[in-house]
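Engineer: Curious how this folds, go ahead:
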Amino acid sequence: TCAFVKMVERSFRYLSNLSFTETPFKQFTIPPEFRAWEVSWLTRLHAVIDNPTVPARLIESGCIVDNVRNCTKACESADHMFSNPETLWNCLTLATVAVMTTNGPDTISNDTLASVDKEFGTGRLYEFWKRRALLKYVKCALQSCSDSKFGGCPPGLWAFQCQRIGPRNIKKLGRIMSTEYCDKADPGIDYDIAGPGIIVAYLIQFVIVLFFALCYKISKTWIRNFALISLLPFQGPARAVETALEWQKVVSRSTFGVAIASTLVDLQEAQAVFLGTISVAAIITFTNSSGAGLGNISSLLSWLANNLTLRGMISAGMYPLLFVQLILQKTHNRWWYTLALVFMNWVLAVLITRPQAVDEGSLLKHFTESSSLENCGNHTGPRTFCQTFNKPTERGSGSNDGGDSDHLDRDAKSFFHIHSRIQSPMHIIMAFLILDWLLATIRMHLFERGDWLSHKVHALMDRVPSRLKSLCTQRYFLIFTEAIWISMEALAIVMGVIGVQEFAAFMQLLSGGESGNESNAALSKWGFGQLVAVCVWIPVVLKFACLMIDGALPGWRKRLGQFIEITQRKETQQDGNDVVMETLLPFNPTAGGQRDEREWHEQAFRHAVQRFPQLTNVTVTPAAHGFLFMPLFQTPMIRALPFGFVYPVIRTWPSDEALGYGSPENCPEGWGNDDERKQWRGFCTVTNVLVDYADSLQISELVVDNHTLPTGIDYTLFDKPNAEYDSLCKIVARPDFRRIVLSLTTGCRADFDAEDWNIYRNGRISCLLAKAIGLEEVVLKSDYGLNSWSCPIQDSISLFDLFPIEDLSRRHLKHFGLSGMQVAQDDLISFLGKLPPTLKSVNLSFLSLAEGHGNHADMLANIRDKLSWRNRPASQRIKVSISMKLNQYHKGRYVCLDKEVQEYLYGDGPPPFIAQEGRAASLFSYGTGIVHDEFDPSFVGLQYRIEIACISSLIAKKQVLVHDNQLTISDKSLSQMTCEAIVAQATGQTLSDSAVLIHAAGHHVCFLEFQITGPYMTQLHTNKTPNESLVVFIGKMLDLETVEGRRGFVENVQHFIGEAIF
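Structural biologist: Have a look, this model is predicted:
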């Protein structure tokens, strides 16, 4: 059988130059000249042999010898042939065509031969083999791959140095060069860049950072948190918090805690310098045109591998640095120095990991100088241009011959697959650190420096609605901020764990493991430089050991004791950078620190007074913290507390409840006792400071308010002469002084003898008020009758002894208030009748009336009938306010009877108080008045509970909304009442499936009926979501200030309980 092979006629096509585009990789851009060298060396033979019908390209810019295009001379000289990719391209193209058309399967026309000889000076093409271009090509390739720096050569390539290359074996040569030659190319990892010692140093960095970070958290907060969780069930909140704080303080101030805190900063500095040094060296090596640092890099593959590896190492090494900085800043250790070190390393990391183009000029010059080969005419060989380390985004772009570029896919996971490509977590954490530092700096300069700018900002903040401030600064914002801190730390830890995994994988590669699917890394042995790299962390460990052995204070004294004096901070000196939990507990200083603490408080108040020359109103109260989650004043410390933070509510003044009753040994000795007087150091400080700055201030109001709590200033202040009484006299004597509120406590008086009340009768209070020549408002409060309605006649105090009525009657008094005092009815009526006609309002709350001499009902009747107030014009009538405690067991809550009193005194309303036979006191009926909460201004409404099973509860709610010009119940209130209805049904308070609740806010009420079936409750009890809906019937909103509203209220109640309650 005869086989006929079709002859293919070869032809040429001339191009002015090699036109390759830049090859984009994920991190790099390979320039066209490197692409031209790669294709010329590796794939040119394969492309010409396998594409006989495609005209072979010849480059007009190649084969230039003495400024003349002469491929004969160029290709017979190794110096010329390997001098540029165009000449190499032409020589290999001509040699391949010559082999395939001389005794080969292909032909070529005489016209083509003449044309190519004329353009490129090739001579007779069938004699071109005499130029030995292919032999020089093979010898150069063998020398290039046999160099120890480049790995090994393909086994089949060695046969071509001893045999003639002809049509039978040239295809094999092309296949070897295009598919096998770069397969064994060593990545050329520079051990000075990523040697085993450096990798181990990075792994040690991760380990010691984790160790010191955990120890730092233990010494700062974890002991406190774990102790608090463990002790709460056994000791209660206050005692558990105090014990946990004490334990944490012991650990944080121990030698271990101080050594950890000091070493963590040293570690941050050490790892910043370590990483920064490597980053600077990397920038010099891979971005500088001088070639510095490239001594061990002799190929494009080595340049790419080391650059990519260094990117991953620096990116991974940033996360321990960021993690430590997160810990430092979260514990309010915001030192600009450590943040600047982190920021500097971040900038260097950004410069290193940015997309980079290979500098072809300087890199080719370096390769020529470092990797010149004799068989290559002292030029670089093909192994220099193997760039198969990474996979290009576009294969075969820019080839002039239309052939495939034949890149080898190499798995690069061992070369920091994640950290070399992903840097966004690093940028996110760095941005968060910078933002946190900026906000802390702004907060310090605007709120905490105490200068004029701080006062301006505080004044602006005070204008912000309290609900908005609570929303932004407490509930959601602080929780959101804490969540961000936790997420940032978690992100740093996750990326650090990935970094450890990648370092370990790369270490395995250096130890002889596989790099990718095909490439084997050579076995490595540690050198001297690798041992030095591992020892970089020894100074940090030694310093920590020194501080642990010698102690922090002796250690620092040995270092700097010759230049500066180093002492240990006292326990009373708090770190000003943090709002610590100790500030939330009642102040209980030691004897040694009590004087310093008191002086510090006074200095702070003096500083504030001098910064507010227009100050007019000063309030002193023991109830600044209000009740839990409801502070009375938004002080800086209270604003700093996160919403929902549970802490013992601070009460700074003693009360009769705390002192006890009937125990003479516990009775206070009075204002003359220094230890007793110090319990009111805030009041003492205020009076002393206001007197000192009386000439520069314009104080018109002094309020000492107990806010209905059973406490106040010890009334023995007015027993004997003292500095605080003299200061009060000087304050009120100022001509612009207008208002004074005094809250007094009788404390625990032994047996409450009548003589104990002589302090009220000695004239000192009257003398004090007589000095206030411009007085317009005076309020005197006591804790005697907060929960009582009557008193023995011997305990009653004549108001003519307390107040200078002759002086008050001649002044422009506008408001008179009396609260919690024990008085006789006739004395009170007589006193009120002598008040000046300028009077506009009177407050008579929580009064105890002398038994047998009247009651509250008679008191109001005498005010209406005996005083001439009823005859005044409506616009000039005196407003009488009365509040009492009846079935109010929450501190701060009371029933306000103002509306009922006004209607009785000046209208036709019924008497609020009803005298009952057999009782000395007259009470008011259930449902009368509006309940107020001293610490929750939004709480107003009815407070009435009906003990009938079909109505579960009637409780005042807080929120009524306006929708489409109509009042409606807020979703919050509706949700709360739904829960109450379910509880009422579950506890058997209802007789049927209906639970009726009354929503009351102010003078508006609304009836709601909840239909709660048995199956619904059964599914709730079994922790299942009920299948059926809970039906709610909501009635019309009724206005109790109108006759129609009150009638509707009565009709609804009669409907539900079958009888009227009024």
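Engineer: okay, now the domains of the protein?
Structural biologist: Domain assignment for the chain, taken from automatic domain parsing, gives 8-185+360-385, 191-354+419-465+483-541, 940-1057.
Engineer: avg pLDDT for the last one?
Structural biologist: If you average the pLDDT over domain 940-1057, you get 72.
Engineer: Residue 818 is in contact with residue 848, isn't it?
Structural biologist: No. Judged on CB atoms under 8 Å, residue 818 makes no contact with residue 848 at a distance of 11.0 Å. From N, CA and C alone the C-beta is placed, and that goes for glycine too.
Engineer: show me the contacts for residue 53.
Structural biologist: residue 8 (CB atoms under 8 Å, 6 or more residues apart in numbering).
Engineer: for residue 140, same thing?
Structural biologist: For residue 140, the contacting residues are 78, 82, 373, 375, 376, 377, 381, 382, by CB under 8 Å, 6+ apart.
Engineer: which stretches of the stretch 1-150 of the chain form strands?
Structural biologist: Assigned by DSSP state E, counting those that start in this stretch, the strands in the stretch 1-150 of the chain fall at 8-10, 12-15, 23-24, 28-30, 56-59, 64-65, 68-69, 106-108.
Engineer: again, but for the stretch 251-400 of the chain
Structural biologist: Along the stretch 251-400 of the chain, counting by DSSP E, counting those that start in this stretch, strands occupy 356-357.
Engineer: Run through it and note the low-pLDDT ranges.
Structural biologist: Applying pLDDT under 70 to the stretch 251-400 of the chain flags residues 288-296, 298, 357-360, 388-400.
Engineer: for the closest residue to residue 138 other than its chain neighbours, what are its contacts?
Structural biologist: Once flanking residues are discounted, residue 138 sits nearest to residue 160: 4.6 Å by CB to CB, 6 or more residues apart in numbering. For residue 160, the contacting residues are 138, 169, 173, by CB under 8 Å, 6+ apart.
Engineer: The last one: neighbour count?
Structural biologist: Right, the one you point to is residue 173. Counted with other CB atoms under 10 Å, the neighbours of residue 173 add up to 23.
Engineer: confidence score at it?
Structural biologist: So residue 173 comes in at 87 (pLDDT).
Engineer: for the first one, same thing?
Structural biologist: The score at residue 138 is 88. That number is its pLDDT.
Engineer: and it, what is it in contact with?
Structural biologist: Shown in contact with residue 138 (CB under 8 Å, 6+ apart): 157, 160, 161, 165, 173.
Engineer: gap between residue 836 and residue 110?
Structural biologist: To residue 110, residue 836 is 136 Å away according to CB to CB, to the nearest Å.
Engineer: Please say which of these two ends up with more neighbours.
Structural biologist: Per other CB under 10 Å, whichever of residue 836 and residue 110 has more neighbours is residue 836, with 14 against 7.
Engineer: Hmm, residue 806 and the more buried one touching each other?
Structural biologist: No. Applying CB under 8 Å, one finds residue 836 not in contact with residue 806, separated by 10.8 Å.
Engineer: Enumerate the positions of stretch 1041-1053 that are buried.
Structural biologist: 1045, 1046, 1048, 1049, 1052, 1053 (16 or more other CB atoms under 10 Å).
Engineer: out of the residues you listed, what pair is the most spread apart?
Structural biologist: Spatially, the most separated pair among the buried residues of stretch 1041-1053 is 1045 and 1053, at 12.8 Å (CB to CB).
Engineer: quick revisit: quick one: which of the domains of the chain is nearest residue 869?
Structural biologist: Relative to residue 869, the nearest member of the domains of the chain by CB to CB is domain 940-1057, separated by 23.1 Å.
Engineer: Now find how far off-centre that closest one is within its chain.
Structural biologist: Mean-position distance between domain 940-1057 and its chain equals 41 Å (CA atoms, centre = their mean, to the nearest Å).
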